[in-house]
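Trainee: next come a sequence and a model predicted from it.
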Amino acid sequence: MNLIYPEFEVARNTERCTKCGICVKQCPNGVHALKVDPTTGEQKLAADDSRCVDCQRCVVFCPVRALKIVKSGNVYRENAYWAQKTINEIHLQAEHSGVLLSSMGSPEPYPVYFDRILLNASQVTNPPIDPLREPMETRVSLGAKPKTIERDPAGRIVNNLGPQIELSLPVMFSAMSYGSISLNAHESLARAAEELGIMYNAGEGGLHESLYKYGRNTIVQVASGRFGVHPDYLNCGAAIEIKMGQGAKPGIGGHLPGTKIGADISRTRMIPEGTDAISPAPHHDIYSIEDLRQLVFSLKEATDYQKPVIVKIAAVHNAAAIASGIARSGADIIAIDGFRGGTGAAPTRIRDHVGIPIELALASVDQRLREEGIRDSVSLVVGGGIRSSADVVKAVALGADSVYIGTAALVALGCRLCRNCHAGRCAWGIATQDPELVKRLNPNTGYKRLVNLVRGWQHEIQEMMGGMGINAIESLRGNRLMLRGIGLNERELEILGIKHAGE
Amino acid sequence: MLREGQIRIPSGCAVAGVIDRLGRRFSGEVIIRSIAAMRDRSNGLGGGFAAYGIYPHYSQWYALHIFYDHHGAKVDCEQYLKQHFEIADQSPIPTRHMQEITDSPLIWRYFVNPIPARLYRCGMDQREYVARSVLAVNRQIDGAYVFSSGKNMGIFKGVGYPEDIARFYRLEEYEGYCFTAHGRYPTNTPGWWGGAHPFGLLDYSVVHNGEISSYDTNRRTIEMYGYSCTLQTDTEVIAYIVDYLHRAKGLTFDEIAQVLAPPFWQAIEEMPPEKRECAAYLRSTFASLLVNGPFSIIVGFSGGLLALNDRLKLRSMVVGEKGDVVYFASEEAAIRVVEPEPDRVWAPKGGEPVIVAQAGGTER
Amino acid sequence: MRIVADNLDSMKLNQRIRKASGSVLIDRCFGQRYIGSGSKDKKITIYGTPGNALGSYLDGATIIVHGNGQDMIGDTMNSGEIVIHGNAGDGLGYAMRGGMIFVRGSAGCRAGIHMKQYQDQKPALVIGGKAGSFLGEYMAGGMIIVLGLGIEDAPVGDFTGTGMHGGCIYIRTNRELAGLPAQVHSEIAAWEDKQEILPLLLRFGAHFGCDGRALADDRYYLLKPNTARPYAQLYTKN
């Protein structure tokens, strides 16, 4: 017996419904069923609300718009302290024990600093620039910049610039492993990255053999479990990312259950079928900052210093000091993942209570690296909650060289943020390995939708830059005078390094 | 009201410059007449000049020009100078009483060189020592402001129209091989002489027209290298960038121009391979020193001038040439008024630098 | 080719090794890291004390060390062979998925952590002396043998095989092995089990000049995971 009343109700307009049964086929959770009334012999569509996760698949695919999913009207007695959700979670644990497991970024109502920051525009003293008819450069190169200028005997500058990643705009698809998402999702990301001239990050699950051809637009990841890591893999990508942490679950490792490790994933991760793929939170070769340096350089050695190395951390309280340490450990790029970042599965309590917002982490890391005079020796990439081009512009103006987008990319592929990735029954063919469900995501349309999204953002970024009188995105990076806070207190403004609106 | 440095004040302006390639010296009268022709571009709230080659008798000494708000500041500052420098001469800068110029601070001039033992102990080169001392005075000594610190050159500036400022400083009595000038049109009353242009450090001086939109990116980057932008003006940050790139990084002025106003990526892609590599290198390496938004600047240095517009050519700049004398101004009229028959007059393209350097100048 | 390494830093030494073909002999090695990283087809012989991450991502090459090795030997090794005529430090064979590592002496903590097998790739780690704590942590495949030669006490430390969910560990000892984690199933290896490791014992004997066949007559514990999914029951879907 389920002690918890369903969260959603399937509202079916029987006047519209033609009993075509598409909803039955589309629902991966068995909510809808075509039943025959034993007395009348009439066919009837029934719904088991308790299975519904509000993924919206049936709603979108119902040809006559007969369906919608509504919030269950059933309520517990109102209590400002003991929310219905809280009570339900206690019931769940009392019933099943165990750690509560959730997916995607935290839905909790923490402050969103991006929404408390406003952008500037030029008036009179400095002209706005028309992005449609005048050049408006969004290209960035990520990687360490040289400390000294060297010249050959003829006085020409020697190119001592280390390996760089070139991006047509400061947006990349963040790390999502094959395993946590489907191969079709991966292929969509890879092809979109290639067409857009940006990077996607293959995540820690190795690289499927069919995707090696997108290597120039691929960031390959090395996590503590080292899945699929071998010399060809390292040399295939444009950059190597060491995953130290993830915004959705700082201090927690990855764990892909054996049930998701089919033949293909087993080959990609280079582990047997059906075994759990565990990558614990610590790299057991990294217990301190000097050990990180060792892993960074072992990867550089394995790739003959041809690839920039990214170190990715979760945004935590001490992020500024940690980033400063990373910058001195040979990393070319630091990626910081905020606590709004998504995940295929994370303990609910970790996701909702550990880490800090990316805006604050970014502001303090950028400022600290500048105070120490080492901002040029690394690039800064931030992710974990970037929802729109405005967030991108604000992140760059706070000091980021580029952003990572994960959730937004998945939404472009069809995700409705039902937050049930951990169940592995994604109706949209994204967070699943079920071949029937995976087929639902066609990479041919998937990649186009991603390209559309990012191109749209690019235009918007250019519009905002033009308004500020900036025609090269490097002049926006760290340009905090272009930002003003609204409704923020002194301390928040100080950390963000911005003035209040009106100042 | 907050004064310059406590608040950022956007401003528009006029700029002018003149240089003799052969190093022949001439009176400041020329530049005064040139900048005066662009009176409509100023609003009486700031004017100034940089003059090169004016101190031949003290050519091996750093000429410090200092504003003092009050006598106490002078006492403090001179104590600092005595600790750090040998002083060959010190005196008030000669000025003329002018009805148009009011509220002038105490204005003093010192010819100095680092105390050798001190210089040796700190292990810096001479120019670094002087630059750091200047930045230290401006940051630390309340009411004292070093506004010129090069050898055989000097900056003269204040609140007023540029031609009035020139008469106030008796600029026509100086002879130099190169002058630049600035008339300011701020959107606010700075009321402080230090805020006028040119802005200089060592022998680098910058006059600038426009308001840059990359200010905070540039400022936060250059402050990483030990500069502090106390004035919050575009000119100040550009001057520090020039000093950093030329003195600390050893870039040529041509390369500096490519950093300040780099070619568009598309243009870089179309360059021949060797040129492309160098252009991409400079752009990637010094991305945060790109100066964005409208500007026209004239950078003075020992033995030369660099004139540069922003990449989109959002501000005006005209260059004229007559024999070995080269003229620069925001408007052609300002050239014609002092040289009615130039051999050649042209407006350089956006991002295309015009560099005039004498043989034996500091151009590298 | 012979390289005298005492005046070379890691980067320079490795550049020279990469450029060399065939056999490389490194003399007077003092702590240079990443030697042989990703190497496919070389034989590298080292006299001295190579630094951390020796043979990381090794992909077919052979490395022989006459002396002690340090930490993280054979990190993420794919194939090839590493032979240490001395002791090894911590994290030996981290995440190795192929090839063989032989250590004549003892190994530090977390030897064989994350070791995994894959298709026909089955890594093997043979330690002549004793192994430190957390031997075979998170082990997902392959084979670890600890011989305990000259060791009176149990030749492994605490938490042996914790989180183990694949592969097997052989421990040669006459002592009782106590305090193994719940995820580990242990038994005394039968004759047939020992036949599985005989080729590795013979190879160990050949490398270090001892009778490998005789070693197979001794008493071994055989450790295997209790289940392939040790934490399947941990979570509640929320």
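Mentor: Looks like it arrived, so ask away. Remember, it's a predicted structure, so these values are computed and weren't measured experimentally.
Trainee: how many neighbours does the residue nearest to A:Ala121 when sequence neighbours are not counted have?
Mentor: For A:Ala121, ignoring the flanking residues on the chain, the nearest one in space by C-beta to C-beta, 6 or more residues apart in numbering or on different chains is A:Gly467 at 4.0 Å. Every C-beta, even on glycine, is put in place using the N, C-alpha and C of the backbone. As a burial measure, A:Gly467 scores 20 neighbours (other C-beta atoms under 10 Å in any protein chain shown).
Trainee: got the phi/psi numbers for A:Gly467?
Mentor: phi -60, psi -30 (degrees, to the nearest 10).
Trainee: what's the helix or strand for residue 28?
Mentor: Went with chain A since none was named. In the assignment (DSSP states H and E), A:Pro28 maps to no helix and no strand.
Trainee: you looked at the wrong chain, it should be chain C
Mentor: strand C:23-30.
Trainee: that strand and chain A in contact?
Mentor: No: Strand C:23-30 is not in contact with chain A by C-beta under 8 Å from any C-beta of the partner chain; minimum separation 15.0 Å.
Trainee: helices and strands around the helix or strand immediately after that strand in the chain, which ones?
Mentor: Downstream of strand C:23-30, the next assigned helix or strand under DSSP H and E is strand C:43-49. Contacts defined by 3 or more C-beta pairs under 8 Å, 6 or more residues apart in numbering or on different chains; DSSP states H and E place strand C:43-49 against strand C:23-30, strand C:59-66.
Trainee: so what's residue 300 up against?
Mentor: You didn't say which chain, so I picked chain A. If you count contacts by C-beta atoms under 8 Å, 6 or more residues apart in numbering or on different chains, A:Lys300 has them with A:307, A:309, A:330.
Trainee: meant chain B, my bad for not saying
Mentor: B:Gly300 neighbours (C-beta under 8 Å, 6+ apart): B:17, B:50, B:52, B:153, B:178, B:180, B:198, B:200, B:203-206.
Trainee: and for A:Pro357?
Mentor: Here A:Pro357 is in contact with A:110-113, A:315, A:338-340, A:385 (C-beta under 8 Å, 6+ apart).
Trainee: ok so, going back, and the contacts of A:Lys300, which is closest to chain B?
Mentor: The shortest approach to chain B among the contacts of A:Lys300 belongs to A:Lys307, at 16.7 Å (C-beta to the nearest C-beta).
Trainee: model confidence score at that closest one, please.
Mentor: In this model, A:Lys307 is scored at 97, pLDDT.
Trainee: how many neighbours does it have?
Mentor: 24.
Trainee: now it: which helix or strand?
Mentor: For A:Lys307, there is no host helix or strand (DSSP H and E).
Trainee: the nearest residue to A:Leu360 once chain neighbours are set aside in helix, strand or coil?
Mentor: Excluding the flanking residues, the one nearest A:Leu360 by C-beta to C-beta, 6+ apart is A:Ile495, at 5.6 Å. The local conformation at A:Ile495, judged by DSSP: H, G, I helix; E, B strand; the rest coil, is helix.
Trainee: residues contacting A:Ile495?
Mentor: A:Ile495 is in contact with A:360, A:363-364, counting by C-beta under 8 Å, 6+ apart.
Trainee: for the residue lying closest to A:Val438 once chain neighbours are set aside, list the residues it contacts.
Mentor: Nearest residue to A:Val438, sequence neighbours excluded (C-beta to C-beta, 6+ apart): A:Ser182, at 4.3 Å. Contact partners of A:Ser182, counting by C-beta under 8 Å, 6+ apart, are A:426, A:429-433, A:437-438, A:441.
Trainee: which of those fall in strands?
Mentor: Secondary structure of the contacts of A:Ser182 is defined by DSSP state E; no position falls in strands.
Trainee: okay if I get these as JSON lines plus pLDDT?
Mentor: Listed next are the contacts of A:Ser182 as JSON lines, based on pLDDT from 0 to 100:
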{"residue": "A:Cys426", "pLDDT": "97"}
{"residue": "A:Gly429", "pLDDT": "97"}
{"residue": "A:Ile430", "pLDDT": "98"}
{"residue": "A:Ala431", "pLDDT": "96"}
{"residue": "A:Thr432", "pLDDT": "95"}
{"residue": "A:Gln433", "pLDDT": "94"}
{"residue": "A:Leu437", "pLDDT": "97"}
{"residue": "A:Val438", "pLDDT": "97"}
{"residue": "A:Leu441", "pLDDT": "98"}
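Trainee: let me see the ranges of the strands in chain C.
Mentor: C:2-4, C:23-30, C:43-49, C:59-66, C:79-84, C:100-103, C:124-127, C:140-146, C:166-172, C:184-188, C:220-225, C:235-237.
Trainee: can you redo those as a markdown table with mean pLDDT and mean neighbour count?
Mentor: Formatted as a markdown table, these follow (pLDDT from 0 to 100; neighbours: other C-beta atoms under 10 Å in any protein chain shown):
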| stretch | mean pLDDT | mean neighbour count |
| --- | --- | --- |
| strand C:2-4 | 92 | 14 |
| strand C:23-30 | 94 | 17 |
| strand C:43-49 | 96 | 19 |
| strand C:59-66 | 96 | 21 |
| strand C:79-84 | 97 | 23 |
| strand C:100-103 | 98 | 27 |
| strand C:124-127 | 98 | 29 |
| strand C:140-146 | 96 | 26 |
| strand C:166-172 | 96 | 24 |
| strand C:184-188 | 94 | 15 |
| strand C:220-225 | 95 | 21 |
| strand C:235-237 | 84 | 17 |
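Trainee: how near is C:Asp90 to chain B?
Mentor: 38 Å (C-beta to the nearest C-beta, to the nearest Å).
Trainee: OK, contacts around that residue?
Mentor: By C-beta under 8 Å, 6+ apart, the residues touching C:Asp90 are C:71-72, C:108-111, C:132.
Trainee: before we move on, back to that, on the pLDDT front, check the residue nearest to A:Leu360 for me.
Mentor: On pLDDT, A:Ile495 comes in at 98.
Trainee: where's it relative to A:Cys55, distance?
Mentor: Using C-beta to C-beta, to the nearest Å, we find A:Ile495 at a distance of 38 Å from A:Cys55.
Trainee: and the helix or strand bottoming out on mean pLDDT in chain A, what does it pack onto?
Mentor: When each helix and strand of chain A is scored by mean pLDDT, DSSP states H and E, strand A:254-256 comes last, with a mean of 80. Counting contacts by 3+ C-beta pairs under 8 Å, 6+ apart, strand A:254-256 is packed against strand A:277-279.
Trainee: and the lowest-mean-pLDDT helix or strand in chain C, does that touch chain A?
Mentor: The helix or strand of chain C with the lowest confidence, counting by mean pLDDT, DSSP H and E, is strand C:235-237 at a mean of 84. Yes: Strand C:235-237 comes into contact with chain A (C-beta under 8 Å from any C-beta), by way of C:235-237.
Trainee: domains in chain A, as residue ranges please.
Mentor: Domain assignment for chain A, taken from automatic domain parsing, gives A:8-98, A:140-145+A:168-500.
Trainee: let's have these in CSV, adding distance to B:Glu128.
Mentor: CSV is the format used below for the domains of chain A (distance: least, C-beta to C-beta, whole Å):
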stretch, distance to B:Glu128
domain A:8-98, 63
domain A:140-145+A:168-500, 16
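Trainee: which one of these is the most hemmed in?
Mentor: domain A:140-145+A:168-500 (a mean of 23; mean count of other C-beta atoms under 10 Å in any protein chain shown).
Trainee: please enumerate the helices of the stretch 351-500 of chain A.
Mentor: Ranges of helices within the stretch 351-500 of chain A are A:358-371, A:389-398, A:407-412, A:435-438, A:443-467, A:490-496, based on DSSP state H, counting those that start in this stretch.
Trainee: check the stretch 1-150 of chain B too.
Mentor: Ranges of helices within the stretch 1-150 of chain B are B:29-36, B:71-84, B:116-122, B:126-140, based on DSSP H, counting those that start in this stretch.
Trainee: now A:Ala345: how far from chain B?
Mentor: Taken as C-beta to the nearest C-beta, the span from A:Ala345 to chain B is 38 Å.
Trainee: what do you get for A:Gly205?
Mentor: Plainly put, A:Gly205 is 32 Å away from chain B if you go by C-beta to the nearest C-beta.
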